[in-house]
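Undergrad: Take a look and give me a structure for this.
(one chain, ligands or ions: 2)
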Amino acid sequence: MSQASLHDNITACDQCDTLHSLAASERGQRLRCAQCGCVVVNVHEQGAGRLVVASCSALFMLVFASAFPFLSFSSSGASRSVTLFDLVEVLIQQDFLVLGILISLALFVFPVVYLVSVVFLVTSFRYAILKPFFQSYFIRWIVALQPWLMLDVFLIGALVALIKMDSFSEVRFDLSFFAFCVYAVLLLKTVSLIDRRWLWRQVSLGQVPVDQVPSNQMLSDKVSFNSGQTARQLGFVGCHFCGLVLNGAERRCVRCGHSVHSRRPHSLSSTIALLVAAAVMFLPANFFPIMQTTFLGSSESSTLVGGVLLLWSLGSYPVAMVIFLASVVIPIAKILSLSWLCWQYYYPTERETRQKIRLYRITELVGRWSMIDIFVVAVLTVLVQLGELVSISPGPAALPFAATVVFTMLAAMTFDPRLLWDKTANSSYLDSAEKPYDEACH
Ligand SMILES: [Zn+2]
Ligand SMILES: [Zn+2]
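TA: Numbering: from 1, shown residues only. Ligands and ions are numbered 1, 2, ... in the order given. Below is the predicted model:
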C-alpha cells in the first residue's frame, strides 16, 4: 500500500477524536464510532449516481413548484392565491426585508446552491470537468450550507399556518404545494447521501503531500485501531473539515486548506457568548407580539405564548403543542443544555460522557425546528392580505426570535464535544503525560 493511500485510510471521529480505519468502509457501509456512537462514515452503494439523480430531480421539482400557485385563501367572498415567489416579493414590498431575505435563503438560495454544487461536484468526479481547487470550493459550500437547509421545517410551518387559518377562512393547497413536498423530500434524500469524508477522498486521491501526514512507519508503530486511541494522544490532529489525519505540527490542512486544531480554538468562550446573545434575544421575542391581525378594522396582537394559548382554547391541541415545543421549549432547552455542557468542561460530574454527547447531538438536531413559528408568520403575512377585511403582519418579536434560533444553532456549532472526553474522569483518554489543556493551541 502506498503512503498516500494509507494516511487516507484513517480518520479521527469529529465528536471524540478516536482514530478509525476507513479501509473497510468503501462502499455501502456505515462506520459508527465505538467510543461515542456517532456516525463517522456513511458511504452509500452507487452514491454518486443516486446523488445526481436526487439533486437534479429536486431542482426540477423546484422549477415546477415555482410555476404554479402554492396556496389559496378565501374569506367572506374575497380570495387570493400566492406562488412561492410571492412569499418573498410580498414580504419585501411590505418592508419586512429581513424576513423576506430569510425566506428567500431558506426556500431558494441555500437549497439551489447546495443542489447545483452537488450536481457539478459529483459529475466532475466522473468526467474530470473541474480542477481539484474548484471541487474543494464546491465541497466547502455543501458542508457549510447543510445545517441551514430548512425546507422540511418550512413545510411544517406552512401546514401549521393552514390549520391556524382553518377556523375562519378556507385555505386550499394548490398544485405547487405538492411539488414543493417532493422538492423537500428529494433535498432530504440528497443530504442523507452526502458523506463529506467520501467527497474529500474523491478530490484528493494521490494529491496530498506525504511529508505532512503521518508516515507508514509512524502509523504502524503507534496506531492500533479499535483500542480507543485518539489522534491527540498519538500526536496527530484530525482535520475537522475533511477528516484527514495530519502530523500534530500542521496548522493548515494539506487537503482542504482549512485551519486545523486538535480542539476548536475558543470553543467554549464562543459558545457561551452566543448563548448569552440568544438568551438576551429571547426576552423581547417573548415580551413583544410576534404577529398582528387586523380584522374588519380592529387590530389584535399575539405573543408567542399568547398564540399557543389561543390555539389551545380553539381546540387545536396538536398544533398548540407543536408551536409550544418549537418556540418555547426547544430554545430554552437548547440554551440550558449547552450551558450545562459548557459547565461540564469546568466541573465534570460522574455522568457518562456518552450521555452528555447524546444530549449534545439531540440539541444540534432539533435546534432548527424552532424556525417553524417564523415560517408560520411569514406564510400568513403573505397569504392573508385582504385589505380592510383581514390582514396579518409580523410583530416586533419576529426578528429577535429568529436571532435566538440562529444564535443557538451557531452556539451548538462552535461547541467542541471532544472537550467533554478530555475532561472525563477515569477515561482511557486521559494520558498521564498529557499537558493541561490549552484551548487556543494544539
Ligand atoms: Zn466518536
Ligand atoms: Zn482538511
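Undergrad: For the rest of this, base every contact and every neighbour count on C-alpha atoms.
TA: OK.
Undergrad: what's in contact with stretch 67-74?
TA: For stretch 67-74, contacts defined as CA atoms under 8 Å, 6 or more residues apart in numbering pick out 79-84, 169-177, 383-384.
Undergrad: Please apply the same query to stretch 137-152.
TA: Here stretch 137-152 makes contact (CA under 8 Å, 6+ apart) with 106-107, 110-111, 113-114, 117-118, 121, 184-185, 191, 196, 199-200, 368.
Undergrad: Tell me the one of the residues you listed nearest ligand 1?
TA: Closest to ligand 1 out of the contacts of stretch 137-152 is residue 196 (16.1 Å), distances taken as CA to the ion.
Undergrad: Please name the residues that touch the nearest residue to that closest one once chain neighbours are set aside.
TA: Leaving aside its sequence neighbours, residue 196 sits nearest to residue 242 (CA to CA, 6 or more residues apart in numbering; 6.5 Å). By CA under 8 Å, 6+ apart, residue 242 lies in contact with 196-197, 200, 255-256.
Undergrad: Out of the residues you listed, which comes closest to ligand 2?
TA: Using CA to the ion, residue 256 comes nearest to ligand 2 of the contacts of residue 242, at 4.2 Å.
Undergrad: State the helix or strand in which that closest one lies.
TA: Using DSSP states H and E, residue 256 sits within no helix or strand.
Undergrad: Which segments of the protein make up each domain?
TA: Using automatic domain parsing, the domain ranges for the chain come out as 3-44+200-247, 267-425.
Undergrad: in the stretch 201-350 of the chain, which spans are strands?
TA: With DSSP state E, counting those that start in this stretch as the criterion, the stretch 201-350 of the chain has strands at 236-238, 245-247, 291-295, 298-302.
Undergrad: Tell me how far stretch 54-62 lies from the chain's centre.
TA: Centroid separation for stretch 54-62 versus its chain: 20 Å, with CA atoms, centre = their mean, to the nearest Å.
Undergrad: what does stretch 116-128 give?
TA: 23 Å.
Undergrad: Any chance you could list what contacts it?
TA: Under CA under 8 Å, 6+ apart, the answer for stretch 116-128 is 48, 51-52, 55-56, 129-130, 135, 138-139, 141-142, 202-203.
Undergrad: Determine which two of these are furthest apart.
TA: Comparing every pair within the contacts of stretch 116-128 by CA to CA identifies 56 and 203 as the most remote, at 21.4 Å.
Undergrad: Pick out the residue closest to the middle of the chain.
TA: Centroid-nearest residue in the chain, with CA atoms, centre = their mean: residue 147, separated by 1.8 Å.
Undergrad: what ranges of this protein fall below the confidence cut-off?
TA: Within the chain, the ranges that satisfy pLDDT under 70 run 1-8, 23-28, 167-168, 204-227, 424-442.
Undergrad: Going by neighbour count, which of the contacts of stretch 67-74 are buried?
TA: Among the contacts of stretch 67-74, the ones that count as buried by 16 or more other CA atoms under 10 Å are 79-84, 169, 171, 174, 176-177, 383-384.
Undergrad: Which of those sits closest to residue 304?
TA: Nearest to residue 304 among these: residue 384, at 19.0 Å, using CA to CA.
Undergrad: Surely residue 256 touches residue 243?
TA: No - at 9.5 Å, residue 256 and residue 243 do not qualify as touching, with contact defined as CA atoms under 8 Å.
Undergrad: In TSV, list the contacts of residue 242 along with neighbour count and distance to residue 270.
TA: TSV is the format used below for the contacts of residue 242 (neighbours: other CA atoms under 10 Å; distance: CA to CA, whole Å):
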residue	neighbour count	distance to residue 270
196	20	25
197	19	26
200	22	28
255	22	27
256	23	24
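Undergrad: From those, list the ones also adjacent to ligand 1.
TA: The subset of these within reach of ligand 1, by CA under 5 Å from the ion, is empty.
Undergrad: ok, of those, which one's closest to residue 264?
TA: For the contacts of residue 242, the nearest to residue 264 is residue 256 (16.5 Å; CA to CA).
Undergrad: Name all residues that make contact with the closest one.
TA: Applying CA under 8 Å, 6+ apart to residue 256 gives the contacts 136, 200, 241-242.
Undergrad: swap in residue 401?
TA: By CA under 8 Å, 6+ apart, the contact list for residue 401 reads 281-282, 284-286, 374.
Undergrad: do residue 275 as well
TA: Contacts for residue 275 (CA under 8 Å, 6+ apart) come out as 335, 338-339, 407-408, 411.
Undergrad: try 7 Å
TA: Residues near residue 275 by CA atoms under 7 Å, 6 or more residues apart in numbering: 335, 407-408, 411.
Undergrad: Point out the residues in this protein that sit beside ligand 2.
TA: Counting by CA under 5 Å from the ion, the chain sits next to ligand 2 at 239, 242, 253, 256.
Undergrad: try it again with 6 Å
TA: Residues of the chain lying near ligand 2 by CA under 6 Å from the ion: 239, 241-244, 253, 255-256, 258.
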